[in-house]
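A.B. asks: With the sequence up front, the predicted model follows.
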Amino acid sequence: MNERCEWCGTDPIYVKYHDEEWGVPEYDGRALWEKLVLDGFQAGLSWITILKKRDAFRDGFNGFDPNQVAEFGENDIQRLLKNEGIVRHRGKIEAAIKGARAWQSIESDIGFSSYLWNFVDGRPIQNQFHLREQVPTQTPLSVMISKDLKKRGFNFCGPTIVYAFMEACGLVNDHQTTCPRHADVQKLAR
(Lines give C-alpha, C1' and ligand atoms only; values in the text may rest on other atoms or scores of the structure.)
Protein backbone atom coordinates (compact mmCIF):
# COMPACT_ATOMS: atom_id res chain seq x y z
CA MET A 1 0.00 0.00 0.00
CA ASN A 2 1.50 3.35 -1.05
CA GLU A 3 -0.54 6.05 0.58
CA ARG A 4 0.59 9.42 1.89
CA CYS A 5 0.71 10.01 5.61
CA GLU A 6 -2.85 10.44 6.82
CA TRP A 7 -2.27 13.83 8.47
CA CYS A 8 -1.82 15.77 5.21
CA GLY A 9 -5.27 14.97 3.84
CA THR A 10 -6.05 16.39 0.40
CA ASP A 11 -5.48 20.14 0.82
CA PRO A 12 -3.05 21.05 -2.00
CA ILE A 13 -0.92 23.21 0.31
CA TYR A 14 -0.59 20.38 2.83
CA VAL A 15 0.06 17.77 0.13
CA LYS A 16 2.82 19.89 -1.44
CA TYR A 17 4.37 20.51 1.99
CA HIS A 18 4.21 16.78 2.80
CA ASP A 19 5.61 15.70 -0.56
CA GLU A 20 8.42 18.26 -0.82
CA GLU A 21 9.44 19.49 2.63
CA TRP A 22 8.20 17.56 5.64
CA GLY A 23 10.80 15.18 6.98
CA VAL A 24 13.53 16.21 4.55
CA PRO A 25 16.74 16.55 6.57
CA GLU A 26 17.54 20.26 6.89
CA TYR A 27 21.15 21.19 7.58
CA ASP A 28 21.05 24.96 7.06
CA GLY A 29 21.15 26.74 10.43
CA ARG A 30 19.10 29.70 9.27
CA ALA A 31 16.40 27.47 7.75
CA LEU A 32 16.30 25.40 10.94
CA TRP A 33 15.76 28.56 12.97
CA GLU A 34 12.94 29.67 10.65
CA LYS A 35 11.17 26.34 11.10
CA LEU A 36 11.59 26.47 14.87
CA VAL A 37 10.11 29.98 14.95
CA LEU A 38 7.19 28.96 12.76
CA ASP A 39 6.54 25.91 14.93
CA GLY A 40 6.44 28.25 17.92
CA PHE A 41 3.90 30.46 16.16
CA GLN A 42 1.84 27.35 15.44
CA ALA A 43 1.31 26.62 19.15
CA GLY A 44 -2.44 26.45 19.71
CA LEU A 45 -3.19 26.68 15.99
CA SER A 46 -3.17 24.33 13.02
CA TRP A 47 -0.06 23.93 10.88
CA ILE A 48 -2.07 24.73 7.74
CA THR A 49 -2.71 28.20 9.21
CA ILE A 50 1.04 28.78 9.45
CA LEU A 51 1.72 27.38 5.97
CA LYS A 52 -0.85 29.76 4.47
CA LYS A 53 0.81 32.69 6.27
CA ARG A 54 4.42 31.60 5.73
CA ASP A 55 5.17 34.10 2.95
CA ALA A 56 3.80 36.95 5.07
CA PHE A 57 5.92 35.75 8.00
CA ARG A 58 8.99 35.72 5.75
CA ASP A 59 8.26 39.27 4.62
CA GLY A 60 7.58 40.52 8.15
CA PHE A 61 10.67 38.87 9.61
CA ASN A 62 13.11 40.03 6.89
CA GLY A 63 13.38 36.63 5.23
CA PHE A 64 13.97 35.05 8.63
CA ASP A 65 17.47 36.40 8.76
CA PRO A 66 18.20 35.86 12.47
CA ASN A 67 20.91 38.54 12.47
CA GLN A 68 18.38 41.13 11.32
CA VAL A 69 15.59 39.86 13.59
CA ALA A 70 17.96 39.99 16.58
CA GLU A 71 18.09 43.77 16.06
CA PHE A 72 14.29 44.19 16.11
CA GLY A 73 12.95 46.60 18.71
CA GLU A 74 9.59 47.96 19.82
CA ASN A 75 8.88 49.63 16.46
CA ASP A 76 9.31 46.27 14.72
CA ILE A 77 7.08 44.57 17.29
CA GLN A 78 4.37 47.19 16.67
CA ARG A 79 4.77 46.78 12.90
CA LEU A 80 4.34 43.02 13.21
CA LEU A 81 1.37 43.35 15.55
CA LYS A 82 -0.37 45.35 12.78
CA ASN A 83 0.52 42.82 10.07
CA GLU A 84 -2.72 40.98 9.29
CA GLY A 85 -0.82 38.40 7.23
CA ILE A 86 0.83 36.78 10.26
CA VAL A 87 -0.22 35.49 13.66
CA ARG A 88 -0.27 38.68 15.72
CA HIS A 89 0.73 37.48 19.17
CA ARG A 90 3.08 39.74 21.08
CA GLY A 91 4.58 36.92 23.15
CA LYS A 92 5.39 34.86 20.08
CA ILE A 93 6.85 37.86 18.25
CA GLU A 94 9.04 38.69 21.24
CA ALA A 95 10.04 35.01 21.47
CA ALA A 96 11.16 35.08 17.82
CA ILE A 97 13.36 38.12 18.51
CA LYS A 98 14.78 36.57 21.67
CA GLY A 99 15.29 33.31 19.76
CA ALA A 100 17.23 35.16 17.05
CA ARG A 101 19.63 36.40 19.71
CA ALA A 102 19.94 32.89 21.16
CA TRP A 103 20.53 31.59 17.62
CA GLN A 104 23.41 34.07 17.20
CA SER A 105 25.06 32.80 20.36
CA ILE A 106 24.77 29.14 19.34
CA GLU A 107 25.74 29.90 15.74
CA SER A 108 28.94 31.68 16.79
CA ASP A 109 29.79 28.92 19.26
CA ILE A 110 29.22 25.63 17.40
CA GLY A 111 26.74 26.44 14.63
CA PHE A 112 22.99 26.08 15.05
CA SER A 113 22.81 23.16 12.65
CA SER A 114 25.59 21.26 14.43
CA TYR A 115 23.98 22.03 17.78
CA LEU A 116 20.68 20.43 16.73
CA TRP A 117 22.08 17.53 14.73
CA ASN A 118 24.39 16.59 17.62
CA PHE A 119 21.27 15.55 19.56
CA VAL A 120 20.77 12.71 17.03
CA ASP A 121 24.47 12.01 16.43
CA GLY A 122 24.24 13.65 13.01
CA ARG A 123 21.80 11.09 11.57
CA PRO A 124 18.00 11.20 11.42
CA ILE A 125 16.12 8.81 13.66
CA GLN A 126 14.33 6.39 11.32
CA ASN A 127 11.02 5.42 12.89
CA GLN A 128 8.91 2.60 11.48
CA PHE A 129 5.36 3.66 12.27
CA HIS A 130 2.59 2.11 10.19
CA LEU A 131 -0.29 4.09 11.68
CA ARG A 132 -0.68 7.73 12.61
CA GLU A 133 -1.78 6.69 16.10
CA GLN A 134 1.66 5.18 16.72
CA VAL A 135 3.47 8.49 16.23
CA PRO A 136 4.23 10.21 19.56
CA THR A 137 3.58 13.87 20.19
CA GLN A 138 6.78 14.12 22.22
CA THR A 139 9.66 11.90 23.27
CA PRO A 140 12.33 11.96 25.99
CA LEU A 141 14.65 13.44 23.34
CA SER A 142 12.24 16.28 22.47
CA VAL A 143 11.92 16.98 26.21
CA MET A 144 15.72 17.18 26.49
CA ILE A 145 16.08 19.45 23.43
CA SER A 146 13.23 21.66 24.65
CA LYS A 147 14.90 22.13 28.04
CA ASP A 148 18.23 22.94 26.44
CA LEU A 149 16.69 25.44 24.00
CA LYS A 150 14.88 27.17 26.87
CA LYS A 151 18.09 27.26 28.92
CA ARG A 152 19.75 28.99 25.97
CA GLY A 153 17.03 31.65 25.68
CA PHE A 154 14.33 30.24 23.39
CA ASN A 155 10.60 30.36 24.16
CA PHE A 156 7.57 28.64 22.63
CA CYS A 157 9.60 25.47 22.26
CA GLY A 158 7.97 22.94 24.55
CA PRO A 159 8.50 19.20 23.99
CA THR A 160 5.52 18.86 21.62
CA ILE A 161 6.58 21.84 19.51
CA VAL A 162 10.14 20.51 19.45
CA TYR A 163 8.98 17.06 18.34
CA ALA A 164 6.91 18.57 15.50
CA PHE A 165 10.00 20.60 14.57
CA MET A 166 12.16 17.47 14.62
CA GLU A 167 9.70 15.77 12.26
CA ALA A 168 9.51 18.78 9.93
CA CYS A 169 13.30 19.16 9.72
CA GLY A 170 14.08 15.50 9.30
CA LEU A 171 15.82 14.97 12.62
CA VAL A 172 13.31 12.15 12.85
CA ASN A 173 11.62 10.37 9.94
CA ASP A 174 7.99 9.94 10.96
CA HIS A 175 6.52 9.36 7.53
CA GLN A 176 4.33 6.30 7.89
CA THR A 177 5.96 3.22 6.40
CA THR A 178 3.02 2.97 3.97
CA CYS A 179 3.92 6.41 2.61
CA PRO A 180 6.26 6.55 -0.40
CA ARG A 181 8.08 9.49 1.21
CA HIS A 182 9.30 7.29 4.09
CA ALA A 183 11.88 5.57 1.90
CA ASP A 184 12.61 8.73 -0.10
CA VAL A 185 13.38 10.75 3.03
CA GLN A 186 15.43 7.92 4.50
CA LYS A 187 17.73 8.07 1.45
CA LEU A 188 18.31 11.81 1.96
CA ALA A 189 20.11 11.37 5.29
CA ARG A 190 23.79 12.33 5.25
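C.D. replies: Nice, I can see it.

A.B. asks: Look through this protein and tell me its longest helix.
C.D. replies: Ranked by residue count, the top helix of the chain under DSSP state H comes out as helix 90-109.

A.B. asks: Can you name every helix or strand that that one contacts?
C.D. replies: In terms of contacts (3 or more C-beta pairs under 8 Å, 6 or more residues apart in numbering; DSSP states H and E), helix 90-109 is packed against helix 29-42, helix 66-69, helix 74-81, helix 112-118. For the C-beta atoms, the positions are set from N, CA and C on the backbone; glycine is no exception.

A.B. asks: To Leu131, which of the ones you listed lies closest?
C.D. replies: Closest approach to Leu131 among the helices and strands packed on helix 90-109 (C-beta to C-beta): helix 29-42, 23.2 Å.

A.B. asks: What is the subsequent helix or strand relative to that closest one?
C.D. replies: helix 47-60 (DSSP states H and E).

A.B. asks: Now do that next one, average pLDDT.
C.D. replies: Taken as a whole, helix 47-60 has a mean pLDDT of 97.

A.B. asks: Show me how far stretch 130-141 is from its chain's centre.
C.D. replies: Counting by C-alpha atoms, centre = their mean, to the nearest Å, stretch 130-141 is centred 16 Å from the centre of its parent chain.
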